[in-house]
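**Q** Just to be clear, the model below is a prediction. Sequence and coordinates:
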Protein chains: 4
Amino acid sequence: MTTPRNSERRTHLVQLAGDLFAEKGFRATTVREIADAAGILSGSLYHHFDSKESIGDELLSAFLDDVLAGYRAAAAEPDPRRAIEQIVRSSTATLSRHRAALTMLQNDWTYFSAQPRFAYLRTAMKEIEQTWIDQLDRGRESGLFRADLDTRLTYRLLRDILWIPTSWAQSKNAWTDDQIVDGLLRLLFDGITAR
Amino acid sequence: MTTPRNSERRTHLVQLAGDLFAEKGFRATTVREIADAAGILSGSLYHHFDSKESIGDELLSAFLDDVLAGYRAAAAEPDPRRAIEQIVRSSTATLSRHRAALTMLQNDWTYFSAQPRFAYLRTAMKEIEQTWIDQLDRGRESGLFRADLDTRLTYRLLRDILWIPTSWAQSKNAWTDDQIVDGLLRLLFDGITAR
Amino acid sequence: MTTPRNSERRTHLVQLAGDLFAEKGFRATTVREIADAAGILSGSLYHHFDSKESIGDELLSAFLDDVLAGYRAAAAEPDPRRAIEQIVRSSTATLSRHRAALTMLQNDWTYFSAQPRFAYLRTAMKEIEQTWIDQLDRGRESGLFRADLDTRLTYRLLRDILWIPTSWAQSKNAWTDDQIVDGLLRLLFDGITAR
Amino acid sequence: MTTPRNSERRTHLVQLAGDLFAEKGFRATTVREIADAAGILSGSLYHHFDSKESIGDELLSAFLDDVLAGYRAAAAEPDPRRAIEQIVRSSTATLSRHRAALTMLQNDWTYFSAQPRFAYLRTAMKEIEQTWIDQLDRGRESGLFRADLDTRLTYRLLRDILWIPTSWAQSKNAWTDDQIVDGLLRLLFDGITAR
DNA sequence: TATGAATGAGATTTCATTCAT
DNA sequence: GATGAATGAAATCTCATTCAT
């Protein structure tokens, strides 16, 4: 019925929609706005997708595939500090490629996670959490990290910080990706106190 | 016109609405759901408020008044480390009293900040940012914090982390408020590395 | 049930309502606005009136009683020119006492005239029309007015002009009632052409 | 976004809406009634217009464009008597093409003129007034009209009379447009008195 | 593939009116 | 007489989706 997933036109439309989602959120973006951006009428979108959620699905699943690939590669690293460093670096790179997906998760998590169709969101989140905790645990047990570190709590405190810098993309900030990653890693490993 | 702001009934309705907003976000919550929760018809809400946004306004402005009071008190502290510690502690306390407002800002920031009526959101955010940067600058200049600290970048990295623990309230997590604050402060000041 | 028609409080409320109707029209004025103007709650109005229409009824019937009294007095005048002059003079005087009623008729005639309760509006209008036509006919037949005068058409053209000056009351115009009446009579009898 | 302004369907809908507005006034006509008249659901109207007011806007601005064109053409006439005659004739012709707009102005002037969107209403009214006064002044100064003519007052007395005959259209009256115009001009220039 | 038109469910809001206290 | 709270019907508007052409 609808355009095949690898069609160029379709890919373009997904990207246009993604830009709008990144700006205003998934629910706040209307199908008409997407169509306007593409220069067609809203009904015509349904030749390519069978629903607005399909577009969201496409963006979100591509995003999580990418994220998880990065995490899995990082988890193969034997040194926990290096593993964490790699997680952070790969996350930052991935996120800048998927701004829309991130905004969608931040704004409309409740909406998506409640639907069976998006069950993979919860699964992926669990894998992400487990990866972090595993590395933090390994680092603590090996004496590399503080012995009193509550690894699960630390993960919770850290998780969201990772997703944030992406949303700065549109503002006129002066930082490069590298600066952000370095600042974040330094903060994470050493805190702000001088020695 | 509508019920006065200090009416008991009205306060109760704002709280009910807030609970729903905290759960599902502002826009995702319908006026009918609020009315249902109150056991009245949706139209009856308009006896007390002239719009759904008025309810939002009430929650958001109360929140920011509370936050800013805490920040101003903390800024009076002469020692920067103490000041930051107090910011974090007061934030955590404030946030747990305003879960709804926080969810609203996280989910629907674009929506609110675009409206003139909610211009105070941007103003408040600027004051919050300035307070953080001031304290970080003072700490760095006095040799208390690392000399190479990019204070604005650090603020950016930190800001959102502060708002997060609130959203855990509903989940059956095992941490007390104190544990969270202490974990956060430790992370902030010292990082995760063992010495 | 409700307050008796001659109660002072009630009269005062009718007047307040009338002021609002004159400004914004009957339907455009809400019961709440009337109550606000009176310093009470909207529900409390129903101790005095059993409906918003009752207030309208009171204003409209008082107006038409007054108008018709003036027309009937004028019709008793033997000289048609004098009769018409008196109609105009009495109308102007009457109208300035009933601005609200006039606005109601101008804005919401369709609304009122469709209701059985306001059947007297049509009756009164017919009497007004007949009075005009009678006087114009008498004047034409006696050679006082032009022989080719279409009296019914002339009435139609004139009727609304009569009601208008009232609506100027609030604007900062420089004319007295007398000036308006004289200008109107002169226009009516002699036109604008110089001789 | 919505259907373009020159779409046939859209034009048809505006006309349908206009018929209803002319009958019952703008505010008294519901969107559902318009949709019913068109044989569609009320929501479907918003495929073509973004609000009920847009329909009103379309009718009112078309009306005023038409009126002003007539006035400007008449103002080019060197002889004031001819100019006024032309104003009256063009007005009558214009008005019969825009019954809806006229009813809207008569019933709901307060509503429209209060909105920034309809600011052009006041502007147009001022131009209309100025045109009348200019021609009356010129006629008086050239000795064609009475020397004691209060031109501004006369305009005020005349203005509304011009708009009236339109509202007769639906009633089964016996006059042609020409009869009405001639009656009006005769009244205006010569009054009703025989010589 | 796209257009043009429409659906239909549901959202926010308005407002005259009622009534127990 | 008034308050405070609510009703209930109806209004305007939104938007994802459908479908004949």
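**A** Perfect, thanks for sending it.

**Q** Any residues of chain A in contact with chain D? List them.
**A** A:32, A:36 (CB under 8 Å from any CB of the partner chain). Every C-beta, even on glycine, is put in place using the N, C-alpha and C of the backbone.

**Q** For chain A, just list every one of the helices.
**A** A:8-24, A:31-38, A:52-75, A:80-97, A:99-113, A:119-141, A:151-163, A:177-190 (DSSP state H).

**Q** and the first one, does that touch chain B?
**A** When you say that, I think you mean helix A:8-24. Yes. Helix A:8-24 is in contact with chain B by CB under 8 Å from any CB, via A:23-24.

**Q** What is the distance between that helix and the centre of its chain?
**A** In this view, helix A:8-24 has its centroid 16 Å away from the chain centroid, taken as CA atoms, centre = their mean, to the nearest Å.

**Q** Next, the buried residues of that helix.
**A** Across helix A:8-24, burial judged by 16 or more other CB atoms under 10 Å in any protein chain shown covers A:10, A:13-14, A:16-18, A:20-22, A:24.

**Q** Which one of the helices of chain A lies nearest to residue D:35?
**A** Judged by CB to CB, the one of the helices of chain A that comes nearest to residue D:35 is helix A:31-38, at 19.8 Å.

**Q** Pull out the buried residues from that closest one.
**A** A:31, A:33-35, A:38.

**Q** quick one: which of those residues is nearest residue C:101?
**A** Looking across the buried residues of helix A:31-38 and measuring by CB to CB, the closest to residue C:101 is residue A:33, at 50.1 Å.

**Q** My guess is the closest one contacts residue A:23. True?
**A** No. Using CB atoms under 8 Å, residue A:33 is not in contact with residue A:23; the gap is 9.8 Å.

**Q** quick revisit: need the helices of chain A in JSON lines (columns: mean pLDDT and distance to residue C:187).
**A** Formatted as JSON lines, the helices of chain A follow (pLDDT from 0 to 100; distance: least, CB to CB, whole Å):
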{"stretch": "helix A:8-24", "mean pLDDT": "94", "distance to residue C:187": "61"}
{"stretch": "helix A:31-38", "mean pLDDT": "97", "distance to residue C:187": "56"}
{"stretch": "helix A:52-75", "mean pLDDT": "96", "distance to residue C:187": "66"}
{"stretch": "helix A:80-97", "mean pLDDT": "90", "distance to residue C:187": "78"}
{"stretch": "helix A:99-113", "mean pLDDT": "90", "distance to residue C:187": "68"}
{"stretch": "helix A:119-141", "mean pLDDT": "94", "distance to residue C:187": "80"}
{"stretch": "helix A:151-163", "mean pLDDT": "79", "distance to residue C:187": "78"}
{"stretch": "helix A:177-190", "mean pLDDT": "81", "distance to residue C:187": "81"}
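
**Q** List just the nearest of the buried residues of helix A:8-24 to residue A:89.
**A** Nearest member of these to residue A:89, counting by CB to CB, is residue A:22, at 21.9 Å.

**Q** okay but the closest one is in contact with residue A:99, surely?
**A** Yes. Taking CB under 8 Å as the definition, residue A:22 is a contact partner of residue A:99 at 4.3 Å.

**Q** which two in the buried residues of helix A:8-24 are spaced the farthest apart?
**A** It's A:10 and A:24 that sit farthest apart of the buried residues of helix A:8-24, by CB to CB, at 21.7 Å.

**Q** hang on, the earlier thing: looking at the helices of chain A, which is closest to residue D:180?
**A** Once the helices of chain A are compared by CB to CB, helix A:31-38 is nearest, at 47.9 Å.

**Q** quick one: that closest one near DNA strand F?
**A** Yes. Contact between helix A:31-38 and DNA strand F, assessed by CB under 7 Å from any atom of the strand, occurs at A:31-32.

**Q** Determine the set of other helices and strands touching that helix.
**A** With contacts defined as 3 or more CB pairs under 8 Å, 6 or more residues apart in numbering or on different chains; DSSP states H and E, helix A:31-38 has these neighbours: helix A:8-24.

**Q** Any part of the helix it packs on near DNA strand E?
**A** Yes. Helix A:8-24 is in contact with DNA strand E by CB under 7 Å from any atom of the strand, via residue A:9.

**Q** Dump that helix to PDB, restricted to CA.
**A** Taking C-alpha atoms only, helix A:8-24 is exported to PDB below (Å, rounded to 0.1, in the frame of the first residue of the first chain):
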ATOM      1  CA  GLU A   8      14.100   8.200  -1.200                       C
ATOM      2  CA  ARG A   9      11.000  10.300  -1.100                       C
ATOM      3  CA  ARG A  10       9.900   8.600   2.100                       C
ATOM      4  CA  THR A  11      13.200   9.000   3.800                       C
ATOM      5  CA  HIS A  12      13.100  12.700   3.000                       C
ATOM      6  CA  LEU A  13       9.600  13.000   4.500                       C
ATOM      7  CA  VAL A  14      10.700  11.200   7.700                       C
ATOM      8  CA  GLN A  15      13.500  13.700   8.000                       C
ATOM      9  CA  LEU A  16      11.300  16.700   7.500                       C
ATOM     10  CA  ALA A  17       8.900  15.300  10.100                       C
ATOM     11  CA  GLY A  18      11.800  14.700  12.400                       C
ATOM     12  CA  ASP A  19      12.900  18.300  12.200                       C
ATOM     13  CA  LEU A  20       9.500  19.400  13.300                       C
ATOM     14  CA  PHE A  21       9.300  16.800  16.000                       C
ATOM     15  CA  ALA A  22      12.700  18.000  17.300                       C
ATOM     16  CA  GLU A  23      11.400  21.500  17.400                       C
ATOM     17  CA  LYS A  24       8.000  21.100  18.900                       C
END
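
**Q** Just the angle for that helix relative to helix B:99-113, thanks.
**A** 120 degrees (axes from the mean of the first three to the mean of the last three CA atoms, to 10 degrees).

**Q** And helix A:8-24, what does it pack against?
**A** Using 3+ CB pairs under 8 Å, 6+ apart: helix A:8-24 touches helix A:31-38, helix A:52-75, helix A:99-113.

**Q** Residues contacting that helix, please?
**A** A:3-4, A:29, A:33-34, A:37-38, A:45, A:48-49, A:55-56, A:58-59, A:99-104, A:170, B:110 (CB atoms under 8 Å, 6 or more residues apart in numbering or on different chains).

**Q** Report the angle between that helix and helix A:31-38.
**A** Here helix A:8-24 points in a direction 120 degrees away from that of helix A:31-38 (the same axes, to 10 degrees).

**Q** Contact partners for the nearest residue to residue A:127 once chain neighbours are set aside?
**A** Leaving aside its sequence neighbours, residue A:127 sits nearest to residue A:68 (CB to CB, 6 or more residues apart in numbering or on different chains; 6.2 Å). By CB under 8 Å, 6+ apart, the contact set of residue A:68 is A:124, A:127-128.

**Q** Would you format the residues you listed as JSON lines with neighbour count and distance to DNA strand E included?
**A** Output for the contacts of residue A:68, formatted as JSON lines (neighbours: other CB atoms under 10 Å in any protein chain shown; distance: CB to the nearest atom of the strand, whole Å):
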{"residue": "A:124", "neighbour count": "18", "distance to DNA strand E": "29"}
{"residue": "A:127", "neighbour count": "15", "distance to DNA strand E": "34"}
{"residue": "A:128", "neighbour count": "19", "distance to DNA strand E": "33"}
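
**Q** and which of the residues you listed is nearest to residue C:136?
**A** Once CB to CB is applied, the member of those that ends up nearest residue C:136 is residue A:124, at 89.4 Å.

**Q** how many neighbours does the closest residue to residue A:70 other than its chain neighbours have?
**A** Excluding the flanking residues, the one nearest residue A:70 by CB to CB, 6+ apart is residue A:90, at 3.2 Å. For residue A:90, the number of neighbouring residues by other CB atoms under 10 Å in any protein chain shown comes to 18.

**Q** now residue A:90: how far from residue B:86?
**A** Between residue A:90 and residue B:86 the computed distance is 36 Å (CB to CB, to the nearest Å).

**Q** Fine by me, we can end here.
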